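# Give me a model of this one.
(2 chains)
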There are 2 protein chains.
Amino acid sequence: MSVTTPAYDRLAAVNRRLHHLGHLGSIAGWDQAAHMPPKGNEARTAALAELAGLMHGLRTDAGLPDEMVRAEQEPLDEVQRANLREIRRNWELANALPSALVQRRTLAARRCEHAWRTQRPANDWKGFLGNFREVLAVAREEAALLSARSGLPRYDALMDRFEPGMRSDTVSHVFGEVRQWLPDLIERVQARQASEPVIQPVGPFPIPAQRVLCERVMRLLGFDFEAGRLDVSTHPFCGGVPEDVRITTRFREDEFLSSLMGTIHETGHARYEQGLPRGWLGQPVAEARSMALHESQSLSFEMQLASHPGFVALLSPLVRETFGDQPAFEPANLHRLVTRVQRGLIRVDADEVTYPAHVILRFEIERPLIEGEIEPEDIPALWDAKMQELLGLDTRGNYRDGPLQDVHWPEALFGYFPCYSLGAMYAAQWFAAMRSAMPDLDARIGAGELGCVFDWLQTNIWSQGSRHTTDELAIRASGEPLNPAHFRAHLQARYLPA
Amino acid sequence: MSVTTPAYDRLAAVNRRLHHLGHLGSIAGWDQAAHMPPKGNEARTAALAELAGLMHGLRTDAGLPDEMVRAEQEPLDEVQRANLREIRRNWELANALPSALVQRRTLAARRCEHAWRTQRPANDWKGFLGNFREVLAVAREEAALLSARSGLPRYDALMDRFEPGMRSDTVSHVFGEVRQWLPDLIERVQARQASEPVIQPVGPFPIPAQRVLCERVMRLLGFDFEAGRLDVSTHPFCGGVPEDVRITTRFREDEFLSSLMGTIHETGHARYEQGLPRGWLGQPVAEARSMALHESQSLSFEMQLASHPGFVALLSPLVRETFGDQPAFEPANLHRLVTRVQRGLIRVDADEVTYPAHVILRFEIERPLIEGEIEPEDIPALWDAKMQELLGLDTRGNYRDGPLQDVHWPEALFGYFPCYSLGAMYAAQWFAAMRSAMPDLDARIGAGELGCVFDWLQTNIWSQGSRHTTDELAIRASGEPLNPAHFRAHLQARYLPA
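This is a model prediction of the structure:
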């Protein structure tokens, strides 16, 4: 019997088309960040805007709702049905907002972000507020509209764009728990580390050598250089397309560990993309599940794997071959270097132990901000209080290293921050599941048998694309939905072993 | 009085859109050649095909003919009128052929070109013929259709796509004249050069150093690195967009002059693009005039300027700074190296004196081939006879270095070859005009005052875009249409000075 699914097939064709056009946008966007000379910017921005408009037109085509209704009635298999669910979700996202609002958001965010670039170094909170109020006004309007369509609370409606299915009550509950034990754990880790001397590496570290080291480590981590590249950009990211993943890093002559660890982080994102299911490629069901899931892969690589003492022992000879022998490069010292915990003001510089504090603080501010419970004027005092509570740091008057430090709020990206820590929690959960399945996992990592880690991730995460909801995916992979106990156990085991 | 031109404005909007989409295609195409890892090829090809289809849809939109008729009636200024002429020309090109024929051509050319890659090294003329017959059949059909629309002879209709306004009778006349004096001139140049000893540079020439040298010379030639890049690809080309020009070269450790001269050649193409009129950008009238005109810029840079003894004297210290001192790098010897004339089998390796022989031969074969006066089987005998006549070389049985050497015929690019030599002739004509206007031109070049050359080209060629027909452009720039006497005089003056 041959099954015909004409409406579904037409929807699939539209999505293949979007996939192809998105490919060009991704590569042009990567080029803009990694290669484009400055005078090309205006033309590139105009070209990308043209493409965005064109893709928006395809996504909001008036014929799609009927096609989706017809496709629902067709004899679809399980993957097709999952794909239709994702197609419907994308349609909702594309059609939820009137284009006048989208334009207002774009303009407000562009103005705010542009001014922020100079306001941040100038510590100019007042100047920032002027633009930020409009960004927030638009975001609240957006949240209200999305909330009315979905029935979700307003903040949840924004967060759902990045983390489908995640709810702020869950985040609040999870983060509330972490809040209970984190300050004390940081305290104890720092006390313990105070008695462990660390030898600092001595530079300079020539950039061509750093580059070769990064590429060797990427190979060790299974990055497919036949299907991707490493380049340099101001802000490291993972871009390109699943068939050709472009990751970037940045180098400094006086320091090599942060760009190496950053490259490992992006390699985790990259392997997720390189491992997405090829058979369905071009369809939403073949895309990465969510932002937290993506972050769970970069952190699986950077934190779970690369900061593991067994992996650091593999890294040590590569570092010595690259920069010559130094006491700092001994495995034990190198491991102390990559696991050093320090309370700091800056999120992006934070280690895995203090990082959740930065995210919890932001979540606890942006949620009431979107719900209309607080106003932008209230941010500094809240920021100060929470930094004091969570990390014992005084940030009064230091807006630059306080609420002005991130690009997310000026860019109207509300609801994104939780993904970072949810990703760290999922990563710990994946490795706990691997250890259950492979009790000798730690020995294997130390022996350089990394294939078992990649195979597990390929089977349970990468190859699944968006076939299942995040909860289903987590249950299939690890027997349970998100369980932050694994993250706590991981920190405990790594930083406070008995 | 405010002038309204609604139909023209709508046409201009469509062309701006095409310009933006073409931007993405150019950058993605450049990336494919310069950066893309192999496994990205299939997805990239599909994405570019999607874009091509989309742009074809915009170009063949059924509403355009009426808009063009209406725009003709509107009060357009001279530039707008020229733009409308180019818009009409592009519409003709996009609409002249049924899409089934375009598809057949694409398939036939792809098959032939793909097989050619292995047939050429295998010297497999017979195998090549199998595919080439279909390529030629499609090209003849295409020529017949274009000819029926335009009233031009069939070969002319194909050539007109690359060189609007040029006619094969003119080419035939010009080439026929060159044919008369070229073999004798080559003979005399070679006899003269036989008594001039040349010292060969001694390698290796490290590639990073070659790269730096190329970039220094590009700066000397006024390339704007804020609006373009130099990268590496297998086949050097000038790509990107006018606002962001991407040129490529290739390096060999044992030789540096060919990649340096190749880079200078592409820099000529690049400066044409960088110098196109900014005010009209995004419209056809702001695009480069034609292929021969483009080649006249690359050859103005490579042959007229960079092979000039005055310029070589500027180059000499840069080469010495790059690779250390060598007798070969003395200005006089360096000049002998870049102006060495040698009869050879391969067009792309030919010097400026023997190059026209290669082009004349191809023109004399492809024209009757398209007109149906000869068949593919006749090519080898004709090739042998003409190589004998023009260059005194025997190529019997050597298809690899004979009719199989170029990618043009397998790719169905008929009518393109003449542009190379027409470009060389225009370049000589531009420099003759410059010398009339600036009698001390040669001294200025020797003194490093290259700005006068660039200013002349900017004013007369680059800034004109496609505002005038090629003949008009030539007359405005140099007082006459194409006049090959300047090319002969240039060769005479450089290679056989009294």
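
# So which bits of the stretch 201-350 of chain A are right by chain B?
Contacts of the stretch 201-350 of chain A with chain B, taken as C-beta under 8 Å from any C-beta of the partner chain, map to A:224, A:225, A:226, A:227, A:228, A:229, A:240, A:241, A:243, A:244. Where C-beta positions appear, they are placed from N, C-alpha and C, glycine not excepted.

# Phi first, then psi, for residue A:195.
In terms of degrees, to the nearest 10, the main-chain angles of residue A:195 are phi -90, psi 0.

# make that residue A:249, sorry
phi -140, psi -180.

# Dead centre of chain A: give me the residue that sits there.
With distances taken as C-alpha atoms, centre = their mean, chain A has residue A:295 as the residue nearest its mean C-alpha position (4.0 Å).

# got the contact list for the helix or strand hosting that one?
Using DSSP states H and E, the element containing residue A:295 is helix A:291-299. Under the criterion C-beta atoms under 8 Å, 6 or more residues apart in numbering or on different chains, residues A:162-163, A:166, A:238, A:265-269, A:271-272, A:288, A:352, A:416, A:418-420, A:422-427, A:430, A:457, A:461-462, A:470, A:473 lie in contact with helix A:291-299.

# how does it look with 6 Å?
Contacts to helix A:291-299, defined as C-beta atoms under 6 Å, 6 or more residues apart in numbering or on different chains, come from residues A:162-163, A:265, A:268-269, A:272, A:288, A:419-420, A:422-424, A:426-427.

# swap in stretch A:409-420?
Contacts of stretch A:409-420 (C-beta under 6 Å, 6+ apart): A:105, A:109, A:112-113, A:116, A:135, A:139, A:158-159, A:162-163, A:171, A:291-292, A:295, A:359, A:362-363, A:366, A:370, A:408.

# Please identify the buried residues of it?
By neighbour count on 16 or more other C-beta atoms under 10 Å in any protein chain shown, the buried set for stretch A:409-420 is A:409, A:410, A:411, A:412, A:413, A:414, A:415, A:416, A:417, A:418, A:419, A:420.

# And it, end to end?
In stretch A:409-420, first residue to last residue: 15 Å (C-alpha to C-alpha, to the nearest Å).

# again, but for stretch A:233-247
Terminal-residue distance, stretch A:233-247 (C-alpha to C-alpha): 9 Å.

# Please state the offset of that stretch from the chain centre?
13 Å (C-alpha atoms, centre = their mean, to the nearest Å).

# Just the buried residues of the helix ranked longest in chain A, please?
Identified as the longest helix of chain A according to DSSP state H is helix A:6-34. Residues of helix A:6-34 classed as buried: A:7-8, A:11-12, A:14-15, A:17-34 (neighbour count, 16+ other C-beta under 10 Å).

# Can you confirm whether the helix or strand just after that helix lies near chain B?
Downstream of helix A:6-34, the next assigned helix or strand under DSSP H and E is helix A:41-59. Yes - contact of helix A:41-59 with chain B (C-beta under 6 Å from any C-beta of the partner chain) involves A:43, A:46, A:47, A:50.

# so which of those is the most crowded?
With neighbours defined as other C-beta atoms under 10 Å in any protein chain shown, the most crowded of the residues of helix A:41-59 next to chain B is residue A:47; it has 26 neighbours.

# quick revisit: and the pLDDT for the residue nearest to the centre of chain A?
Confidence at residue A:295, expressed as pLDDT, is 98.

# can you list the domains in chain A?
Annotated domains of chain A cover A:1-95, A:108-198+A:278-498 [automatic domain parsing].

# and these as JSON lines, adding distance to residue B:306?
Below are the domains of chain A laid out as JSON lines (distance: least, C-beta to C-beta, whole Å):
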{"stretch": "domain A:1-95", "distance to residue B:306": "23"}
{"stretch": "domain A:108-198+A:278-498", "distance to residue B:306": "41"}
